[in-house]
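Novice: Show me how the following folds:
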Amino acid sequence: HVQLVESGGGSVQAGGSLRLSCVASGYTGRTGCMGWFRQPPGKTREGVAAIWPAGPTTYYADSVRGRFTISQDNARNVLTLQMNSLTPEDTAMYFCAAGGYRLVAAGYKFWGPGTQVTVS
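Specialist: As a prediction, the model looks like this:
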């Protein structure tokens, strides 16, 4: 049974930082990416960042490249997203996902319930 649980969301002022974490229990797959997605109010879900578990290859949406950093601790099955220089446009529900391909949401097999990020 795979369970993904996000934490670290909250409210922050523009220019601030947040660090999201995702604990992946029961997930041992190494053939797909782990990633972060977000869904702003009234909009569709979009890919933010993804990483291949087997190597350092990472993928970022253009809107966050240079501001966000995705990393993982394979030993503890923890995925993190460091978000710096946040803007109101980053306000969204953020989701952790596993077993997919790059930033393509439709291909991911497992999803967490999400954590809210609000930037004002």
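
Novice: make it CA atoms for all contacts and neighbour counts henceforth
Specialist: Noted.

Novice: Any stretches of the protein with poor pLDDT?
Specialist: Applying pLDDT under 70 to the chain flags the ranges 29-30, 55.

Novice: All the strands of it, in order from the start?
Specialist: Defined through DSSP state E, the strands belonging to the chain, from first to last, are 3-7, 10-12, 18-25, 33-39, 46-51, 58-60, 68-73, 78-83, 92-100, 110-111, 115-119.

Novice: would TSV of the ones you listed with mean neighbour count be doable?
Specialist: Converted to TSV, the strands of the chain look like this (neighbours: other C-alpha atoms under 10 Å):
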stretch	mean neighbour count
strand 3-7	19
strand 10-12	15
strand 18-25	20
strand 33-39	26
strand 46-51	24
strand 58-60	19
strand 68-73	18
strand 78-83	20
strand 92-100	25
strand 110-111	19
strand 115-119	20
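
Novice: Which residues are in contact with residue 64?
Specialist: Under the criterion of C-alpha atoms under 8 Å, 6 or more residues apart in numbering, the neighbours of residue 64 are residue 48.

Novice: Distance check, it against residue 50.
Specialist: Separation of residue 64 from residue 50 (C-alpha to C-alpha, to the nearest Å) stands at 12 Å.

Novice: Which residues are in contact with each of the two?
Specialist: Both residue 64 and residue 50 lack any common contacting residue under the criterion C-alpha under 8 Å, 6+ apart.

Novice: Show the contacting residues for the residue most central in space within the chain.
Specialist: Among the residues of the chain, residue 36 comes closest to the average C-alpha position under C-alpha atoms, centre = their mean, at 2.0 Å. When contacts are counted by C-alpha under 8 Å, 6+ apart, residue 36 touches 47, 48, 49, 50, 81, 94, 95, 96, 97.
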